[in-house]
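>>> Provide a 3D model corresponding to the input given below.
(2 chains)
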Amino acid sequence: MKSKKLLLIICFSLMFSFIIIEDALAHRMLIEEVGEDYVVVGFDDGTKAMEVDVVLYDQDEEVLLEGKTDLEGGFEFDPELQPYKIVSSDTYGHRAEWTSDEPITEERFPRWARALLGIGILLFIGVSANFISKKKDN
Amino acid sequence: MHLPDGVVREGVLLASYGGSALLYYLSSRQKKADFKLVPKMSLVTAVLFVASLIHIPVGMTTVHFSFVGLAGILLGPLSFLSVLVALFLQLILFNHGGYSTLGVNTLNFAMGALSGYYIFRLRKNLEMNNFLEGVFAFLAGAGSMLVKVAVASVGLYLSDYPASVAISLTTVHLPIFLGEGVVTALLVVALSKKNRGYIYDEE
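Numbers count the residues shown, from 1 in each chain, chains lettered A, B, ... in the order given. All right, here's what the predicted structure looks like:
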């Protein structure tokens, strides 16, 4: 069958991807932690966002403070500032935002489960289409 | 790279949705998807979906694979739909990119995929052997990434990022250009040896 080998190669690639996917899930910038006088910025693969811009705003969108994170992704500020919104960004187009009325929440499902769900959806579509086209041919 | 919400200006967002719609119109005129092609499209989309989850730390940031060039070689004009679905799934399942920037990200990735297809098509005018086929696949894999980064840079530049964003984005993606080129070349040579129509324009 024409697509059998392609299926095998792609399945092998997907399995190989899963071996390294657990600790290496892409690079969405996140504001990981916000304390009274500090904020920690990182990426969703667990690496810290070093020397990225951090801007603190009040409720009227006025800038309270600007600066850069340190090598641990941390940025300290005066606790009296009490920022309403914190925005971090870098020169590569990554950006994260936090506001005090939207607390940081843990994601409900582990990353590997979401990756598996995505692949499952696509394979389901593929298998269903294959079934329908075979039925049409018959 | 997936541009998140809040990075790109409103005008650029609207233009990118328009550009994506135009690109879809042009690509669907060349080839329409039917049920027989959906299984192959689903598999390639799964590769795109997973590839973007594998990153490499470079300097103070991380970059990821996308294999849009491979998608272009295997699916040709249909790679647009594949890219759109992969990006949508990455958005809803991983929050990669943004709802407002789905258009600009689709345009980046789809331009990359289609350029991979057209670069690889250039071989049609030459006498081919496995080595040359591999060279063209390498150029398609690496070139498609270059186009993707260039389109993203234009979007960022038009959104008040400095012009140097193009240089910094290209520099951090150099390992990806090389990696995608090599993997695309190896896969395409392996698939075309079978000569069973896995490659889009050999169907």
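
>>> any idea which element the nearest residue to B:L139 once chain neighbours are set aside lies in?
Ranked by Cβ to Cβ, 6 or more residues apart in numbering or on different chains and with sequence neighbours excluded, the top spatial neighbour of B:L139 is B:I119, at 5.5 Å. C-beta here means a position set from N, CA and C on the backbone, and glycine is covered the same way. Per DSSP states H and E, B:I119 falls inside helix B:102-121.

>>> how about that helix as PDB, C-alpha atoms only?
Once non-C-alpha atoms are left out, helix B:102-121 reads as follows in PDB (Å, rounded to 0.1, in the frame of the first residue of the first chain):
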ATOM      1  CA  LEU B 102      -3.100  33.000  14.200                       C
ATOM      2  CA  GLY B 103      -3.200  34.800  10.800                       C
ATOM      3  CA  VAL B 104       0.300  36.200  11.000                       C
ATOM      4  CA  ASN B 105       1.700  32.800  12.200                       C
ATOM      5  CA  THR B 106      -0.200  30.900   9.500                       C
ATOM      6  CA  LEU B 107       1.200  33.300   6.900                       C
ATOM      7  CA  ASN B 108       4.800  32.800   8.200                       C
ATOM      8  CA  PHE B 109       4.600  29.000   8.300                       C
ATOM      9  CA  ALA B 110       2.600  28.700   5.100                       C
ATOM     10  CA  MET B 111       5.000  30.900   3.200                       C
ATOM     11  CA  GLY B 112       7.800  28.700   4.500                       C
ATOM     12  CA  ALA B 113       6.000  25.500   3.400                       C
ATOM     13  CA  LEU B 114       5.100  26.800   0.000                       C
ATOM     14  CA  SER B 115       8.600  28.100  -0.600                       C
ATOM     15  CA  GLY B 116      10.000  24.700   0.300                       C
ATOM     16  CA  TYR B 117       7.700  23.200  -2.300                       C
ATOM     17  CA  TYR B 118       8.800  25.600  -5.000                       C
ATOM     18  CA  ILE B 119      12.500  25.300  -4.100                       C
ATOM     19  CA  PHE B 120      12.300  21.600  -4.400                       C
ATOM     20  CA  ARG B 121      10.400  21.800  -7.700                       C
END
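
>>> after that helix, next one along is what?
helix B:130-157.

>>> my hunch is that A:L64 is in a helix, does that hold up?
No - assessed with DSSP: H, G, I helix; E, B strand; the rest coil, A:L64 is strand; it does not lie in a helix.

>>> I'd say it and A:Y57 touch.
Yes - between A:L64 and A:Y57 a contact is recorded at 6.3 Å, counting by Cβ atoms under 8 Å.

>>> which residues do these two both contact?
Common neighbours of A:L64 and A:Y57, using Cβ atoms under 8 Å, 6 or more residues apart in numbering or on different chains, are A:P83.

>>> Could you list the low-pLDDT ranges of chain B?
Low-confidence segments of chain B (pLDDT under 70): B:195, B:203.

>>> Need the residue closest to the centroid of it.
B:V68 (2.7 Å; Cα atoms, centre = their mean).

>>> ok, now which ones touch it?
B:L48, B:S79, B:V83, B:F109, B:A110, B:G112, B:A113, B:G116, B:S144, B:M145, B:K148.

>>> From chain A, how far off is the most far-flung residue of chain B relative to its centre?
When distances are taken from the C-alpha mean of chain B, B:E127 lies farthest, 26.9 Å away, according to Cα atoms, centre = their mean. Plainly put, B:E127 is 26 Å away from chain A if you go by Cβ to the nearest Cβ, to the nearest Å.

>>> Could you tell me the backbone phi and psi angles at that residue?
phi -70, psi 120 (degrees, to the nearest 10).

>>> now the residue nearest to the centre of chain B: how far from chain A?
Relative to chain A, and taking Cβ to the nearest Cβ, B:V68 is found at 15 Å.

>>> Repeat that for B:G11.
To chain A, B:G11 is 17 Å away according to Cβ to the nearest Cβ.

>>> and if you look at B:L26?
Distance from B:L26 to chain A, by Cβ to the nearest Cβ: 24 Å.

>>> separation between that residue and B:G155?
20 Å (Cβ to Cβ, to the nearest Å).

>>> Start from the N-terminal end of chain B and give the helices.
B:10-30, B:38-51, B:68-75, B:79-94, B:102-121, B:130-157, B:165-172, B:174-194 (DSSP state H).

>>> Mind checking the ones you listed for the one nearest to A:D44?
Counting by Cβ to Cβ, A:D44 lies closest to helix B:79-94 out of the helices of chain B; the figure is 7.6 Å.

>>> buried set for that closest one?
B:79-91, B:93-94 (16 or more other Cβ atoms under 10 Å in any protein chain shown).

>>> for these, which one is nearest A:F109?
Among the buried residues of helix B:79-94, B:L93 lies closest to A:F109 (Cβ to Cβ), at 8.9 Å.

>>> Could you check how many residues crowd around the nearest residue to the closest one once chain neighbours are set aside?
Once flanking residues are discounted, B:L93 sits nearest to A:R114: 4.4 Å by Cβ to Cβ, 6+ apart. Neighbourhood size, A:R114 [other Cβ atoms under 10 Å in any protein chain shown]: 19.

>>> Quick check, pLDDT for A:R114.
A:R114 is assigned 88 on the pLDDT scale.

>>> and the host helix or strand of it, what other elements does it pack with?
Using DSSP H and E, A:R114 sits within helix A:111-137. The contact analysis (3 or more Cβ pairs under 8 Å, 6 or more residues apart in numbering or on different chains; DSSP states H and E) places helix A:111-137 against helix A:4-21, helix B:38-51, helix B:79-94.
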